[in-house]
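A.B. asks: give me a 3D structure for the following:
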Amino acid sequence: MSQWVILVGRPSDLDNAATPHKIMTSRDYLARPGLFRGQRPKIINLARSYAYQSRAYYASLLAGARGHRIIPTVETMIDLSEKKLYENALPELDAALARAVHRSPTPLDPHIRIYFGHSPDPRLDRFAKLAFDWFRAPALEITLEPVSPPKIKKIGFAGLGKLDADEMACFVAAMERYTAREWRAAKAKTPTKYSFATLYDPKEELPPTSVESLKHWARVASRMSVEVEPITKKDLARLANFDALFIRETTSISNHTYRFARRAMQEGMPVIDDPISMIRCTNKVYLNELMEANGVATPPSVMISGKEDCVRAADLLGFPMVLKIPDGSFSRGVKKVSDMAGLEKLAGAWLEDTDLLLAQKYMPTQFDWRIGVLGGQPLFAVQYHMAKEHWQIINHDTGGRPMEGGFKAFTLADAPPHVLDVGLKAARCIGDGLYGVDIKETEDGVFLIEVNDNPNLEHGVEDFAEKDEVWTRLTRWFIDRVEG
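C.D. replies: Numbering: from 1, shown residues only. Here you go, the predicted structure:
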């Protein structure tokens, strides 16, 4: 696994720090570009100044060129150079700060120090983590306005030169907590070369991959010298301790899954699902136009932004038709309407929360194809059958647990070539990650329904035909990009 390297401005900056990590000066790092050739170290760039074109700035800049993961990045240095570049973070941070000191009689120090997401003031623990989420810097100094509730006046770096002996002790302790790995009791029998984080929600009702299936992947990956460790939404601060991230809970650009994806991207880590894929796949309106522009057949569609569009949709599509919320996922936010009254009622309700809806021609079939695509190549081919007495593969309107239909898995050699071709063409419009392409095969042809950025990958279902080759290729995808 990757080693930690601590860069300092002067050899004496961490003389008294008890750390097991390699310490070297930024001057030496800059002068020896081949020092870590063939390795992928994780670097903490400590400096007295992070000014533009300083030695610390160039260390972070060249780390990116060398394929090393470093904090702070050049992007963070630039973000904190001017208030106008970070002011979009202030409303959320101010609100968190106000919550932290609500009903507390003790005033805050006007100069707050945060070390690797930790604060010496226990009231600020959550605020400190949030600030570190926004600005990944070893030490932050946040200056407050003299008002109540407290407001942030300025955010900047707290360089090593600003820390006294007690503060340095707090800083070093926080750094050691940050770099420490939480090792799991069960060790792989083969030597571990990489460690991949798998983000999951143990309480999710229909996760894209169950815990049992993740354990199966871990067994396959261990044979390839890879450790798979489950993490939850509380572990964002630990993400840099891993070599890759696989998100296995339902994604949304409005929740923590997107923040994890963004953080992984900022760390230079390979991630499924990447934030760009999330944005592209989440919105059905965007997908529909993207596919049309790339010659991928989709059901006849009409955009609905107001009541007048309902009449046009009825004329062009007829009834029944399918109405979709742009950012729904996995059959959520997708309804079938049978007449104009139902269309106007549902569209009116949904348009209170979104400016656009997508209406599509209803195409009844007994099953939907899903083609799994990884890195632009087919991974699996499955037919999902409709839920009992329902028109979708998942029935969310049961009043209880959602009901799913059955499935039939095909080897890639046995899957219809024309269906595979549509799946590949659609996925390649999105990116290089893992996608589940939903396709309807009708007498009129093959039509793309949607591309899922967070497809199901369940042991005994999606891998039923191709077996462990599915998990082996997934592991290899990550390894190739870690070593890339």
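A.B. asks: where exactly do the strands run in the stretch 201-350 of the chain?
C.D. replies: In the stretch 201-350 of the chain, the segments counted as strands under DSSP state E, counting those that start in this stretch are 226-231, 244-247, 271-272, 301-304, 321-324, 334-337.
A.B. asks: redo those strands as TSV? Include mean neighbour count, mean pLDDT and distance to Asp468.
C.D. replies: Using the backbone N, CA and C atoms, a C-beta is placed for each residue, glycine as well. Below are the strands of the stretch 201-350 of the chain laid out as TSV (neighbours: other CB atoms under 10 Å; pLDDT from 0 to 100; distance: least, CB to CB, whole Å):
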stretch	mean neighbour count	mean pLDDT	distance to Asp468
strand 226-231	21	95	14
strand 244-247	25	97	16
strand 271-272	26	97	18
strand 301-304	19	90	39
strand 321-324	22	92	36
strand 334-337	20	90	33
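A.B. asks: could you dump those to TSV with distance to Ser195?
C.D. replies: Supplementary listing: those in TSV, determined by distance: least, CB to CB, whole Å:
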stretch	distance to Ser195
strand 226-231	5
strand 244-247	8
strand 271-272	14
strand 301-304	44
strand 321-324	39
strand 334-337	38
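A.B. asks: between those strands, which gets nearest to Met77?
C.D. replies: Closest of the strands of the stretch 201-350 of the chain to Met77 is strand 271-272, at 22.9 Å (criterion: CB to CB).
A.B. asks: outside of the closest one, which residues touch it?
C.D. replies: Contact with strand 271-272 is made by Ala244, Leu245, Phe246, Ile247, Phe260, Ala261, Ala264, Met265, Gly433, Leu434, Trp477, Phe478, as judged by CB atoms under 8 Å, 6 or more residues apart in numbering.
A.B. asks: one more: stretch 210-224?
C.D. replies: With CB under 8 Å, 6+ apart as the test, stretch 210-224 has contacts from 188-190, 192, 196, 198, 200, 202, 209, 227-228, 230, 248, 457-460, 468, 471-472, 474-476, 479.
A.B. asks: also stretch 3-16?
C.D. replies: By CB under 8 Å, 6+ apart, the residues outside stretch 3-16 that reach it are 19, 21-26, 29, 36, 39, 41-49, 55-56, 59, 160, 168, 172, 175, 179.
A.B. asks: and these, which of them are buried?
C.D. replies: 21, 23, 25-26, 29, 36, 41-48, 55-56, 59, 160, 168, 172, 175, 179 (16 or more other CB atoms under 10 Å).
A.B. asks: now, these that are in helices?
C.D. replies: Here DSSP state H is the test, and these give Ser26, Tyr29, Arg55, Ala56, Ala59, Met168, Val172, Met175, Thr179 as lying in helices.
A.B. asks: what about the fifth one, distance to Asp13?
C.D. replies: Relative to Asp13, Ala59 is positioned 14 Å away (criterion: CB to CB, to the nearest Å).
A.B. asks: the third one now?
C.D. replies: When distance is defined by CB to CB, Arg55 is 13 Å away from Asp13.
A.B. asks: again, but for the fourth one
C.D. replies: Spatial separation of Ala56 from Asp13 under the definition CB to CB is 12 Å.
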